[in-house]
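**Q** The following block contains a protein sequence and its predicted model.
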Amino acid sequence: MKLYNKPAHELHEMLVKKEISSVELTKAVLSRMDETEGKIHAYVTETRDEALKQAADADGKITRGEEIAYFEGIPGAVKDNICTKGVKTTCASKMLENFVPPYDATVMKHLEKVRPVILGKANMDEFAMGGSTENSAFYPTHNPWNVQCVPGGSSGGSAASVAAGSAIWALGSDTGGSIRQPASFCGVVGMKPTYGRVSRYGLVAFASSLDQIGPLTRDVTDCAHLLQAISGHDEYDSTSSASEVPDFSKALVQDVRGLKIGIPKEFFVKGMDADVEKAVRGAVDTFKELGADVREISLPHTEYAISVYYLIAPAEAATNLERYDGVSYGARVDGADVVEMMTKTRSEKFGEEVKRRILIGNYALSAGYYDAYYLKALKVRRLIKEDYDKAFESVDVIVTPTAPTPAYKIGEMTSDPLKMYLQDIYTVPLNLAGLPGISVPCGYSCEKLPIGLQIIGKPLDEATVLRAAYTYEQSQTFYKDMAETEAKV
Amino acid sequence: MAKVTQKDLDMVALLSRLEVAEQDKEKYLGQLDAFLQYVDNLAALPTDDVEPLAHVLPIHNVFREDEVRPSLDRTLALSNAPLQEDGYFKVPKILED
C-alpha cells in the first residue's frame, strides 16, 4: 500500500521503528498532491518548504532516539478559516484573499505541541457557507471518488485531501454539518465535537453559537487522537468548556454490547435516497448483531430544524461579518466617503451566497420581523434541544444517516439555494443542540460513491460516540477500502 | 402572495451595506421569498411558553482581574490594514467640512 494511503497510527509506528522517515513520507504525500491537485483542487495555499523543514525536525528527533508524539512528522491540511500565523488565511473569499494572520488559532498552538507536518490550507465554501465547496471564490474542489461530483462542504478541501491521499489528516470546521457531510461524501471519518470542547479562538467566525473545529481522518483511531490533540479549555474563548478532557484512546474498544442506540423515526422518511437507506439500515442491523440494544425513538421537532438553523446561522453571520468594512483588515474598494467605501468593498468582495445569507440574517433581525423570525427560531431551537435531552434519557447514542444523498454532481444544486439548504436536515440539529457527532463510512451508492453513518452523543460524551464508531468500523472493511482506494484521478 | 417586497430588499441591503445590482434584484427577491415561505412552517408551532435558547451551554460572563498583559504589537495589528498612517487605520473623510 502506498504511504499516502495509510492512516496516521500506522505511519507513526513505521516512523518509530525507523522503517520510513518523515521526509520520505512528506515527499510521498507531496508527490501525490502533484498527481491529484490538478483535478481535485483541495488546497488554497501550499506550504511545501515549511512542511519539509518540519519533517526534517521530526526525523532529527527520531534519529536522536527521542520520543515522538502521535502526529509528529505526519503531514496534514488545515481548513483555510483557521488562523495560521504568517500563512495566508483566506476563508476562500476575495475579502481575505491577502490576509496573513498575525497570530495562531488556539488549535494551531495545540498542534504545535504534537508537531505534525502542515502541508497547506484547505479549500472551502466562502466563509464556510455552503455544502459543496462550490462557493469558494477561487475554484471548486472535486470529489476524489468521482471528479464530476462535489466533495461536500464547507470543509470540502479538508475531506477531499484525506480521501485523495494529499493529506493524512485534516482539520475542518462544522457549523451545520460542514465536517460530517463532506466526510460522508468523501468516504472518510469526520467529527464535530461538543460545542465548547475545542477552542474557537482564531477560527474565523461564521455563526458563533454553532461553530466547532474538528478532525477529518482515515479512520476512527486517528480521529480520537486528533480530537485529543486539539481539545481543552481556552481562556481566549469565553464559550470554551472547562470540563476535563478524557483520554479518548481508551474509547477505542470493540464493544457495544448493551449499548442503547436510538433510531429516530423522523429521520427515515418516505422518499429518502434508497442507497442511503439501505446502507444505514444495514449498519443498524450490524449494531444489533454486535449486541447493541437498538430501539426506535422520536425527535418530533426535526421538521423545523432547517428553518431554525437557516434563520439563526445567517443572523449570527450577518452580525459577525459586519467587521469586513475595509478598515482594519481585508480588502478595500475605494469610495467617495466612508459609507460608499464600505458598501463597495462588501458588494465587490463577498460572493453571492455570503451576500444572500447576510441579507437573510439582517432581514430576520430587523425591526418588525425580529419576533416572527429570529426570536421564533430561538424558541424552537430550545424545543429541538429538548427533543434530544429527552431521547438521551433512554439511549446512549443516536444513529442516523449523515446526509440524505451521496455526493451530487457539480452545478446540480447551485441554482436553487433552498434545495441545497434542505440537504442539511440530518446534521444541523446537532449544532443547534451543541451535541457531538461523527460520520463514518457505511457503504456505497450504486454509483460507488461513499455513504456516511452519523452517530450522535450526549454533550461532552465523545468517548461513547467514538466507541460505537470504532466498533462498527472494525466490523466492516469500508475504512480499508477508503485507505487503499486509488483515487480516480 | 409574495412575503417580501422590493422595498424590503432595498432596506435590508442598506442595513447590510450591500449593493444589489439592478439585474440581480429579481433573483434575490425570488430566493428570499421562497426562503421566507419555507421558514413559515415555524409560525404554526405554539411557542408562547418557550424560553428562547441563544446558547446551548449554561455559561455566563467570564471575569478576570483587570491587569496589564502583553498583547499584539501595534505594527503587527496594523499589518493587514488596507491603509494606515502614523500608527492609525486610515479611512475616507467621515465628517463634512
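**A** That came through, no problem. Numbering: from 1, shown residues only, chains lettered A, B, ... in the order given.

**Q** which residue sits closest to the spatially most distant residue from the centre of chain A in space, ignoring its chain neighbours?
**A** For chain A, the largest distance from the centre (C-alpha atoms, centre = their mean) belongs to A:Ala336, which lies 41.4 Å off. Leaving aside its chain neighbours, A:Ala336 sits nearest to B:Pro92 (7.1 Å; criterion: C-beta to C-beta, 6 or more residues apart in numbering or on different chains). No exception for glycine: its C-beta is placed from N, CA and C like everyone else's.

**Q** Quick one: classify the one you found as helix, strand or coil.
**A** Assigned with DSSP: H, G, I helix; E, B strand; the rest coil, B:Pro92 falls in the coil class.

**Q** residues in contact with the biggest helix by length in chain B?
**A** Secondary structure of chain B per DSSP state H: the longest helix is helix B:25-39. Residues outside helix B:25-39 that contact it (C-beta atoms under 8 Å, 6 or more residues apart in numbering or on different chains) are A:306-307, A:310-311, A:356, A:359-360, A:363, A:373, A:377, A:417-418, A:421, B:2-4, B:6, B:9, B:20.

**Q** are any of these buried, and which?
**A** The neighbour count (16 or more other C-beta atoms under 10 Å in any protein chain shown) marks A:306-307, A:310-311, A:356, A:359-360, A:363, A:373, A:377, A:417, A:421, B:4, B:9, B:20 as buried among the contacts of helix B:25-39.

**Q** Counting neighbours, what do you get for the residue nearest to A:Ala336?
**A** For B:Pro92, the count of nearby residues is 16 (other C-beta atoms under 10 Å in any protein chain shown).

**Q** That one touches A:Gly335, doesn't it?
**A** Yes: B:Pro92 is in contact with A:Gly335 according to C-beta atoms under 8 Å; the separation is 6.6 Å.

**Q** what touches both of these two?
**A** Residues touching both B:Pro92 and A:Gly335 by C-beta under 8 Å, 6+ apart: A:Met341.

**Q** circling back to that earlier point, would you enumerate the residues in contact with the residue nearest to A:Ala336?
**A** The neighbours of B:Pro92, taking C-beta under 8 Å, 6+ apart as the test, are A:334-338, A:340-341.

**Q** And the buried ones among those residues, selectable in ChimeraX?
**A** Command for ChimeraX that selects the buried part of these, burial taken from 16+ other C-beta under 10 Å:
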select /A:338,341
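
**Q** and the contacts of B:Pro92 as a markdown table, adding pLDDT and secondary structure?
**A** Output for the contacts of B:Pro92, formatted as a markdown table (pLDDT from 0 to 100; DSSP: H, G, I helix; E, B strand; the rest coil):
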| residue | pLDDT | secondary structure |
| --- | --- | --- |
| A:Asp334 | 96 | coil |
| A:Gly335 | 94 | coil |
| A:Ala336 | 92 | coil |
| A:Asp337 | 93 | coil |
| A:Val338 | 94 | helix |
| A:Glu340 | 95 | helix |
| A:Met341 | 97 | helix |
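
**Q** Just the closest residue of the stretch 151-300 of chain A to chain B, please.
**A** With C-beta to the nearest C-beta, the shortest gap between the stretch 151-300 of chain A and chain B falls at A:Ser238, namely 4.8 Å.

**Q** ok, back up a step: the buried ones among the contacts of helix B:25-39 in helices, which ones?
**A** Those of the buried ones among the contacts of helix B:25-39 lying in helices (DSSP H): A:306-307, A:310-311, A:356, A:359-360, A:363, A:377, A:417, A:421, B:9.

**Q** pLDDT wise, what is residue 26 at?
**A** Since no chain was named, I'll use chain A. At A:Thr26, the pLDDT value in this model is 98.

**Q** To clarify, I was referring to chain B.
**A** B:Glu26 carries a pLDDT value of 93.

**Q** burial count for it?
**A** B:Glu26: 12 surrounding residues under other C-beta under 10 Å.

**Q** How much space separates the most centrally placed residue in chain B from A:Met124?
**A** Centroid-nearest residue in chain B, with C-alpha atoms, centre = their mean: B:Ser16, separated by 6.7 Å. Per C-beta to C-beta, to the nearest Å, B:Ser16 is found 22 Å from A:Met124.

**Q** Now the stretch 101-250 of chain A against chain B: closest residue?
**A** For the stretch 101-250 of chain A, C-beta to the nearest C-beta, closest residue to chain B: A:Pro102, 4.0 Å.

**Q** Next one: that residue from A:Leu453, what distance?
**A** Distance, A:Pro102 to A:Leu453, using C-beta to C-beta: 41 Å.

**Q** neighbour count winner among these two?
**A** Neighbours per residue (other C-beta under 10 Å) separate A:Pro102 from A:Leu453, with A:Leu453 holding more: 29 against 17.

**Q** Let me know the helix or strand that the nearest residue to the more buried one once chain neighbours are set aside is in.
**A** Once flanking residues are discounted, A:Leu453 sits nearest to A:Cys442: 3.8 Å by C-beta to C-beta, 6+ apart. Using DSSP states H and E, the element containing A:Cys442 is strand A:437-444.

**Q** list the helices and strands the next helix or strand after that strand packs on?
**A** Going down the chain from strand A:437-444, the next helix or strand is strand A:450-457, by DSSP H and E. Counting contacts by 3 or more C-beta pairs under 8 Å, 6 or more residues apart in numbering or on different chains; DSSP states H and E, strand A:450-457 packs against helix A:180-186, helix A:274-289, strand A:397-401, strand A:437-444, helix A:462-475.

**Q** can we see that at 6 Å?
**A** helix A:274-289, strand A:397-401, strand A:437-444, helix A:462-475 (3 or more C-beta pairs under 6 Å, 6 or more residues apart in numbering or on different chains; DSSP states H and E).

**Q** So A:Lys39 versus A:Lys2, what's the distance?
**A** Distance check for A:Lys39 against A:Lys2: by C-beta to C-beta, it reads 17 Å.

**Q** Buried residues in the longest helix anywhere in chain A, which are they?
**A** With secondary structure taken from DSSP H, chain A has its longest helix at helix A:22-40. Using 16+ other C-beta under 10 Å as the test for burial, helix A:22-40 gives A:22-23, A:25-30, A:32-33, A:36-37, A:40.

**Q** do stretch A:309-326 as well
**A** Buried residues in stretch A:309-326 (16+ other C-beta under 10 Å): A:309-321, A:324-326.

**Q** related to what we said a few turns ago, and which of the buried ones among the contacts of helix B:25-39 is nearest to A:Ile179?
**A** A:Tyr421 (17.7 Å; C-beta to C-beta).

**Q** ok, back up a step: separation between the residue nearest to the centre of chain B and A:Ala364?
**A** Distance from B:Ser16 to A:Ala364, by C-beta to C-beta: 12 Å.

**Q** do A:Tyr472 as well
**A** For A:Tyr472, the distance to A:Ala364 - C-beta to C-beta - is 39 Å.

**Q** Also A:Leu30?
**A** According to C-beta to C-beta, A:Leu30 stands 45 Å off from A:Ala364.

**Q** can you count the residues close to the residue lying closest to A:Glu24 once chain neighbours are set aside?
**A** In space, and not counting its chain neighbours, A:Glu24 is closest to A:Leu3: 7.6 Å by C-beta to C-beta, 6+ apart. Counted with other C-beta under 10 Å, the neighbours of A:Leu3 add up to 18.

**Q** With A:Ala128 instead?
**A** 30.

**Q** quick one: it and A:Phe206 touch, right?
**A** Yes: look at A:Ala128 against A:Phe206 with C-beta atoms under 6 Å: they come within range, at 4.7 Å.
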